[in-house]
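>>> Next come a sequence and a model predicted from it.
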Amino acid sequence: MSESDDKCYISEMKKNVYIHTFGCQMNIHDSEKMLGILEQEGFTETGDPNDAELIIFNTCSIRQKAEQKFYSELGRIKAFKKKRPRVQIAVAGCIAQQEGKNILRKAPHVSFIFGPQNIHALKDFVSGKIVSTALEDNPEIEKTDLPAKRVDGVRAWVTIMYGCNNFCSFCIVPYTRGRERSRPTDKILAEVKELAARGYKEITLLGQNVNSYRSNSNFPELLKILNRVGGIERIRFVTSHPRDLSEELIAVMGDLPRVCEHIHLPLQSGSNKILRLMNRGYSFEEYIQKVSKLRNKIPNISITTDIIAGFPGETDDDHMLTIEALKKIEFDGIFAFKFSPRPGTKAGGMENQLSDGLKSMRLIQILELQDKITEHKNKLLEGTFQEILLEGESEADRKKLTGRTRTNKIVNIPWIEIKKGALISVEITKGRKHSLEGKLLVQDLKGAVDKKGKI
Ligand code: SF4
């Protein structure tokens, strides 16, 4: 028996899966669902691709960079597959949906591909019932109640809707994830109750545009229903479309104690001309009005956003309008990216594409300005008391513990024996660019003492 035969023999006894996830939170949660399904099929997750019998690339096509990274990983794994022919290589996610069988033509070492709407088919692939692709865009067959293997233990993500109807001119999502479909309210409620029973403290409701959730309830009504689930201390949601942010939702956010004081509200540009070209459906003035309403109702709310630098046709003046918008609104944080032309989107084919150098220069200006704003806002929190939900040891410094405020800011505190998932009060001692430092207020501990009486 050769070395490779030997490994294949071993693989029949144990089945490990390695999932490489690219992109957004939606994809991370999709990978959790894949793991949930695979666990039922006898697989165990491994962090080492060399130890895996199944390797899944869960891809993202929202930006060119993530796509290039995936293709280079896929090329690299070819030699590995040659040495271990019985290892299955799968491609999932948005590139799988978009590229379809082209992937198999380009990379014959891929065993099967499936799109985000066909995760349930994974079971049939690994059991050998389907042997090629599962990409059909058919909401009838989409299964929304897939088991998820959640890894965090404290915070869980719950999909409330799939797809998007908005067709922003730069975005590939409506093509890869299909039209909007909302999950029934009772299914979401049952999932959240189960998470509470398993000890989860925080849920984040996921959807491309959660504001347009509509099933047996609308989105504000869904929040009211979930706010009543005992054990869940914090409710968050992403992503909100500014056009669909209703007065009713703002009121509910302010009134419900478990809904956190944070909203991610993508602005994308401060220029009305560019917003129109992006097909965003709101003007800068309308956006500002919504921000004012949010801040009036919830004075300590943190607002984060997405900005695209260098959209086709963006002039220096348009760029300056974005810079002015950042100064005026003072976001708590932003995710900013260079415009990335995606094949198949309207903006991908627009004339007046900007050079990479110009896009980079504008992005740097945006990020440098926002870094100063974020640091300033974080410094204003020095000396305040914040409730944080402990997530565990800080990855950057094992001598520290890390958690988040209700406003979604990361706080690091000196290490102390304290259980993950505890809600504790801390005094903020230092505001930094990307995080806060704090110290524990022992007298104000809430639920932080474990069963053995340790703090
Ligand atoms: S709202 Fe626009 S950017 Fe967001 S997923 Fe839908 S099309 Fe894409």
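That came through fine.
>>> where along the stretch 101-250 of the chain do the helices fall?
102-106, 122-126, 173-176, 185-197, 219-227, 247-255 (DSSP state H, counting those that start in this stretch).
>>> helix, strand or coil for residue 374?
What DSSP: H, G, I helix; E, B strand; the rest coil gives for residue 374 is helix.
>>> My read is that it contacts residue 434, right?
Yes: Residue 374 is within contact range of residue 434, at 7.4 Å (criterion: CB atoms under 8 Å). For the C-beta atoms, the positions are set from N, CA and C on the backbone; glycine is no exception.
>>> Specify which residue of the two has the higher count of neighbours.
Of the pair residue 374 and residue 434, residue 374 is the one with more neighbours under other CB atoms under 10 Å, namely 21 against 11.
>>> ok, now which ones touch the residue nearest to the more buried one when sequence neighbours are not counted?
Using CB to CB, 6 or more residues apart in numbering and skipping the chain neighbours, the partner closest in space to residue 374 is residue 333 (5.6 Å). By CB atoms under 8 Å, 6 or more residues apart in numbering, the residues touching residue 333 are 302, 304, 370, 374.
>>> Got phi/psi on residue 333?
phi -170, psi 160 (degrees, to the nearest 10).
>>> next structured bit after the worst-scoring helix or strand of the chain on mean pLDDT?
Ranking every helix and strand in the chain by mean pLDDT, DSSP states H and E puts helix 3-13 at the bottom, with a mean of 44. Going down the chain from helix 3-13, the next helix or strand is strand 16-21, by DSSP states H and E.
>>> State the mean pLDDT of the helix or strand just after that following strand.
Using DSSP H and E, the helix or strand that directly follows strand 16-21 along the chain is helix 25-40. Per-residue pLDDT over helix 25-40 has a mean of 88.
>>> packing partners for helix 25-40?
Judged by 3 or more CB pairs under 8 Å, 6 or more residues apart in numbering; DSSP states H and E, helix 25-40 is in contact with strand 16-21, strand 44-45, strand 54-59, helix 93-99, helix 122-126, strand 155-159, strand 202-206.
>>> Output those as a markdown table; include the columns mean neighbour count.
Putting these into a markdown table (neighbours: other CB atoms under 10 Å) gives the following:
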| stretch | mean neighbour count |
| --- | --- |
| strand 16-21 | 20 |
| strand 44-45 | 14 |
| strand 54-59 | 25 |
| helix 93-99 | 25 |
| helix 122-126 | 20 |
| strand 155-159 | 21 |
| strand 202-206 | 22 |
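>>> Tell me which of these sits nearest to the ligand.
Nearest to the ligand, of all the helices and strands packed on helix 25-40, is helix 93-99, at 11.0 Å by CB to the nearest ligand atom.
>>> Convert the C-alpha atoms of that closest one to CSV, please.
The C-alpha trace of helix 93-99 is given here as CSV (Å, rounded to 0.1, in the frame of the first residue of the first chain):
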residue,chain,number,x,y,z
GLY,A,93,-20.8,30.4,-2.0
CYS,A,94,-21.3,33.2,-4.4
ILE,A,95,-18.5,32.4,-6.9
ALA,A,96,-19.9,28.9,-7.2
GLN,A,97,-23.4,30.3,-7.9
GLN,A,98,-22.1,32.8,-10.4
GLU,A,99,-19.5,30.8,-12.2
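>>> chain center to it: distance?
18 Å (CA atoms, centre = their mean, to the nearest Å).
>>> hmm, who's touching it?
The contact list for helix 93-99, computed with CB under 8 Å, 6+ apart, reads 22-23, 27, 30, 57-62, 67, 70, 103, 113-117, 135, 137, 172-173, 175-177, 344.
>>> which of those are buried?
22-23, 27, 30, 57-62, 67, 70, 103, 113-117, 135, 137, 172-173, 175-177 (16 or more other CB atoms under 10 Å).
>>> Those: which ones sit near the ligand?
residue 173 (CB under 6 Å from any ligand atom).
>>> How many residues are close by the closest residue to residue 15 other than its chain neighbours?
Using CB to CB, 6+ apart and skipping residues adjacent in sequence, the residue nearest residue 15 is residue 43, 4.7 Å away. Using other CB under 10 Å, residue 43 has 20 neighbouring residues.
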